[in-house]
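In: starting from these lines, generate the structure:
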Amino acid sequence: MKIAPLTLAFTAAVTTVAAMTAAIAQPSQESRAMAGQAAPAPRPGDADGAFVALFKFSEPDGAKLYARVCAGCHMPDAKGAKGAGFYPALAGNPKLTAGGYPTYIVLHGLNGMPAVGRMMTDQQVADVVNYVRTHFGNRYKDAVTAADAKAAR
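Out: As a prediction, the model looks like this:
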């Protein structure tokens with residue numbers, strides 16, 4: 001009678017391993033490309049819209065990009081954080097005066113910040129930079145354009 005719980009646990013473990021093996025066995029887009037196979041079409045809604053294409057953000061505007069990409073470190077209120085790392089405040093930040101500076105940082109990174117702009121279109125880079133420069137107590141009027149982002153790449 002004590003064998004049933006053990007059998008149940010064993011069955012659950014085998015099922016979990018089988019599911020993980022099946023997931024790992026699915027060819028990635030990179031391996032399909034190397035084999036000359038077409039990648040499956042992106043499905044809108046995958047991962048709630050974070051990545052509907054490999055290595056590209058799909059958020060349509062600066063506010064959504066900030067919420068998805070930037071707020072994780074710089075905080076939703078853009079006041080930054082200190083702890084395991086240092087995440088500078090973007091709220092009321094005088095370094096945002098010239099639009100070229102935050103554009104460059106988004107595209108190329110700085111210190112611990114990764115170059116997240118590599119996963120954005122030129123328009124998305126401009127949108128998120130403009131969003132930060134016009135919100136959180138920042139009132140910079142000169143907008144960064146997609147052409148500015150393209151030139152900074």
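In: can we go C-alpha only for contacts and neighbour counts from here?
Out: Fine.
In: so where do the helices sit in the protein?
Out: Counting by DSSP state H, the chain has helices at residues 3-25, 29-34, 62-65, 71-74, 100-108, 122-134, 146-152.
In: burial of residue 76, as a residue count?
Out: If you count neighbours by other Cα atoms under 10 Å, residue 76 ends up with 14.
In: contact partners for residue 124?
Out: Applying Cα atoms under 8 Å, 6 or more residues apart in numbering, we find residue 124 in contact with 60-62, 65, 146.
In: how many neighbours does residue 62 have?
Out: The burial count for residue 62: 19, using other Cα under 10 Å.
In: okay, now the domains of the chain?
Out: Annotated domains of the chain cover 3-34, 46-152 [automatic domain parsing].
In: so where's the chain uncertain?
Out: For the chain, the stretches flagged by pLDDT under 70 are 1-54.
In: that older thread, which one of the domains of the chain is the most hemmed in?
Out: Highest mean neighbour count among the domains of the chain (mean count of other Cα atoms under 10 Å): domain 46-152, with a mean of 17.
In: redo the contacts of residue 124 as CSV? Include distance to residue 112.
Out: CSV is the format used below for these (distance: Cα to Cα, whole Å):
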residue, distance to residue 112
60, 26
61, 25
62, 22
65, 19
146, 25
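In: what's the farthest-apart pair in the residues you listed?
Out: Farthest pair in these (Cα to Cα) is 65 and 146. Separation: 15.2 Å.
In: how long is stretch 113-132 from one end to the other?
Out: With Cα to Cα, to the nearest Å applied, stretch 113-132 spans 16 Å between its terminal residues.
In: same check on stretch 73-91?
Out: Terminal residues of stretch 73-91 are spaced 13 Å apart (Cα to Cα).
In: got the contact list for that stretch?
Out: Stretch 73-91 has contacts (Cα under 8 Å, 6+ apart) with 67, 71, 96, 132, 135-138.
In: pick out the most distant pair among those.
Out: The span of those, defined through Cα to Cα, is set by 67 and 96 at 18.4 Å.
In: what's the spacing between residue 86 and residue 131?
Out: The separation that residue 86 has from residue 131, given Cα to Cα, amounts to 22 Å.
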